[in-house]
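K.L.:
Coordinates for the following, if possible.
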Amino acid sequence: MRLSQLLTRVTPLSAAPIPDAEITDVVYDSRMAGEGTLFVCLVGARTDGHAYAPSAYERGCRAFLASRPLELPADAAVILCADPRAAMAAACEELHGRPAEKLRLIGITGTKGKTTTALLLYAALNGAGRRAAYIGSNGIRIAGKPFTLPTTTPTTPESRELAICFEAAVRAGCEFAVLEVSSQALKTSRCASLTFESVLFTNFSPDHIGGAEHPDLADYIASKARLFTDYGARHAVYNADDPMWETIVGGTDAALVSCAVDRPADFRAENVAPFRSDTALGVTFECAAHGERVPVRLRMPGEFSVRNALSAMALASLCGVGLRECAAALADATVEGRFEIVPGLPGRTFVIDYAHNGLSLTSALTVLRAYRPRRLVCLFGSVGGRTTGRRAELGQAASTLADLCIVTSDNPDGEPPARILADIEAAMHPDCPRLLAADRAEAIRMAVRLSEPGDVVLLAGKGHEDYQLIRGEKVPFCEREILLSECEAIRRERSSY
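P.N.:
The predicted structure follows:
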């Protein structure tokens, strides 16, 4: 595609004509630059893409988008614009044939619940025969199949990767794309040039404040609120039980749809009740909406699971899916690494969850405690080299709410696991029984071996992750496989008696 066509929706700072070079790819990593690429100079929290323009030039790139002049040879075309990120979003959409315009986009934001709600909605849409794509923390799925990008992406990918995903979704015959939209994505214009048909606010709590994320709470709130004011949404669904809903959603011009458990709402959950089988936990409720009352059964525990499911049903309803169709799809839905129940041994309940800070671990253990386990066992750790403040809050939460703690590693990276474990243990309640195992695989096998009928065992922190970060390398690691393998070993041992 010609550079001039690629930048059709970009307003340069200069009136100089845009060269008519042929462009085959838009990149923001100089290592991906080459002949026929347009290199976009993005300014991040730690790096400035302008500094890497010479490297991109050396690799053969001759077209650049930047916010300030670049010192490059005369044959380099440098187009200056006020916001290179927004310009990149428009250029990537253009390059891929404006695929987002051919999809009905649904954006979900909130501190917690984005992944579960998005995947429940994805399941409801595909279960009703409405082809959909999912893009979020648990990867990318298009019409029931995983889709892999050559680069690792955050919760909401950069606009380049989003355009690639949207094009693949259109080719697969998708009608919808469900996106987790993080506050960072909104702050950094990753979704610029997109128009969402429906958006959702799940809940709010202070998080992602400081460091390379948001400088303060006001910035975090303002970033979340942009999804409801800046992207042309026709419908805004919100959790009316959250006291921050009006602050986040209040500025929208979209039609409001409320969801709630504790107060009247357009979509309300009533008669919420937990259930427990031999190896599983879950919750049932009735969804009251549109004059109907539809029973719903979820294979995941907790009132927050009810809120997530209720929000998914509201969004699916706006997409034309009936409440009973939704309920049927949700009955079979599970979300990898988000209160994922893994059937292992008779009478034991094994749960894998992403809870990795004090607040989320407290919430997870409180929910599991409500099922009255014989013992509540918590296996957890904390990452190395950063977020050291989480260690104390994790240790306090686990030792206060669990009957037995197994403290282990969780992406220790370059920090000695023994030091991380010592920091956690120093904050734990002295009366709480605990075991320490620096090797997480060993800790999981220990938890399985120690489990007894009636126990609930929570493996917290890694969730859907399929690696351990050790000395800068991502080593393949799947908790589910280790857990099931140990359960199978125990069954073989018992059958040989």
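
K.L.:
Point out where the stretch 351-497 of the chain drops to low pLDDT.
P.N.:
497 (pLDDT under 70).

K.L.:
Could you pull out the helices in it for me?
P.N.:
358-369, 389-401, 417-426, 440-450, 479-495 (DSSP state H, counting those that start in this stretch).

K.L.:
okay if I get these as TSV plus distance to Val249 and mean neighbour count?
P.N.:
For glycine as for every other residue, the C-beta is placed from the backbone atoms N, C-alpha and C. Putting the helices of the stretch 351-497 of the chain into TSV (distance: least, Cβ to Cβ, whole Å; neighbours: other Cβ atoms under 10 Å) gives the following:
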stretch	distance to Val249	mean neighbour count
helix 358-369	22	20
helix 389-401	29	21
helix 417-426	38	18
helix 440-450	40	20
helix 479-495	36	15
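
K.L.:
can I get those in TSV with distance to Ala289?
P.N.:
Written out in TSV, the entries for the helices of the stretch 351-497 of the chain read as follows (distance: least, Cβ to Cβ, whole Å):
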stretch	distance to Ala289
helix 358-369	25
helix 389-401	34
helix 417-426	44
helix 440-450	41
helix 479-495	35
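
K.L.:
Ok, which of the ones you listed comes nearest Glu101?
P.N.:
helix 358-369 (36.6 Å; Cβ to Cβ).

K.L.:
Helices of the stretch 101-250 of the chain, start to end?
P.N.:
114-127, 159-171, 183-187, 217-229, 245-249.

K.L.:
Let me know the distance separating the nearest residue to Met244 once chain neighbours are set aside from Arg369.
P.N.:
Once flanking residues are discounted, Met244 sits nearest to Phe204: 3.9 Å by Cβ to Cβ, 6 or more residues apart in numbering. Counting by Cβ to Cβ, to the nearest Å, the gap from Phe204 to Arg369 is 24 Å.

K.L.:
what does Ala422 give?
P.N.:
Taken as Cβ to Cβ, the span from Ala422 to Arg369 is 27 Å.

K.L.:
and if you look at Ala240?
P.N.:
Taking Cβ to Cβ, one finds Ala240 at 27 Å from Arg369.

K.L.:
again, but for Asn308
P.N.:
Counting by Cβ to Cβ - Asn308 and Arg369 are separated by 20 Å.

K.L.:
Contact partners for Arg68?
P.N.:
For Arg68, the contacting residues are His50, Leu80, by Cβ atoms under 8 Å, 6 or more residues apart in numbering.

K.L.:
can you rerun that using 10 Å?
P.N.:
Leu13, Cys41, Val43, Asp48, His50, Val78, Leu80, Pro84 (Cβ atoms under 10 Å, 6 or more residues apart in numbering).

K.L.:
right, and the fourth one touches Ser30 too?
P.N.:
Put plainly, it is Asp48. No - if you go by Cβ atoms under 10 Å, Asp48 and Ser30 don't touch, sitting 11.7 Å apart.

K.L.:
Can you work out which residues contact both of those two?
P.N.:
With Cβ under 10 Å, 6+ apart, Asp48 and Ser30 have common neighbours Cys41.

K.L.:
neighbour-wise, which of these two wins?
P.N.:
Neighbour tally, Asp48 and Ser30, criterion other Cβ atoms under 10 Å: the higher count belongs to Ser30, 21 against 13.

K.L.:
so how far is the helix or strand bottoming out on mean pLDDT in the chain from its chain's centroid?
P.N.:
Scoring the helices and strands of the chain by mean pLDDT, DSSP states H and E places helix 183-187 at the bottom, with a mean of 86. Computed by Cα atoms, centre = their mean, to the nearest Å, the separation of helix 183-187 from the middle of its chain amounts to 13 Å.

K.L.:
May I have it exported as CSV, CA atoms only?
P.N.:
Output of helix 183-187 as CSV, limited to C-alpha atoms (Å, rounded to 0.1, in the frame of the first residue of the first chain):
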residue,chain,number,x,y,z
SER,A,183,-6.5,1.3,31.6
GLN,A,184,-3.0,1.3,30.1
ALA,A,185,-4.4,0.7,26.7
LEU,A,186,-6.8,3.6,27.1
LYS,A,187,-4.1,5.9,28.4
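
K.L.:
So which elements touch it?
P.N.:
Judged by 3 or more Cβ pairs under 10 Å, 6 or more residues apart in numbering; DSSP states H and E, the packing partners of helix 183-187 are strand 104-109, helix 217-229.

K.L.:
quick one: contacts of it?
P.N.:
By Cβ under 10 Å, 6+ apart, helix 183-187 touches 45, 107, 109-111, 154-159, 162, 179, 190-192, 207-208, 212-214, 219-227, 230-231.

K.L.:
related to what we said a few turns ago, okay if I get the contacts of Arg68 as TSV plus secondary structure and pLDDT?
P.N.:
Shown next, in TSV, are these (DSSP: H, G, I helix; E, B strand; the rest coil; pLDDT from 0 to 100):
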residue	secondary structure	pLDDT
Leu13	coil	87
Cys41	coil	96
Val43	strand	89
Asp48	strand	93
His50	helix	96
Val78	strand	93
Leu80	strand	94
Pro84	helix	93
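
K.L.:
Closest one to Glu473 out of the residues you listed, please.
P.N.:
Asp48 (26.8 Å).

K.L.:
Could you find the closest non-adjacent residue to that closest one?
P.N.:
The nearest residue in space to Asp48 (Cβ to Cβ, 6+ apart) is Cys41, at 7.5 Å.

K.L.:
Touching, the one you found and Val78? I think so.
P.N.:
Yes - using Cβ under 10 Å, Cys41 is in contact with Val78, at 9.2 Å.

K.L.:
and the chain, what are its domains?
P.N.:
3-95, 99-331, 340-495 (automatic domain parsing).

K.L.:
send the alpha carbons of stretch 12-27 over as CSV?
P.N.:
The C-alpha trace of stretch 12-27 is given here as CSV (Å, rounded to 0.1, in the frame of the first residue of the first chain):
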residue,chain,number,x,y,z
PRO,A,12,0.7,15.6,9.7
LEU,A,13,2.1,18.6,11.5
SER,A,14,3.6,19.8,8.2
ALA,A,15,1.9,20.4,4.9
ALA,A,16,4.8,18.9,2.9
PRO,A,17,3.6,16.2,0.5
ILE,A,18,3.8,12.6,1.7
PRO,A,19,6.2,10.4,-0.4
ASP,A,20,4.5,7.7,-2.5
ALA,A,21,6.6,4.8,-1.1
GLU,A,22,5.2,1.3,-1.1
ILE,A,23,4.7,0.1,2.5
THR,A,24,4.1,-3.6,3.4
ASP,A,25,4.2,-3.4,7.2
VAL,A,26,3.9,-0.9,10.1
VAL,A,27,6.3,-1.6,13.0
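
K.L.:
Cool, thanks, talk later.
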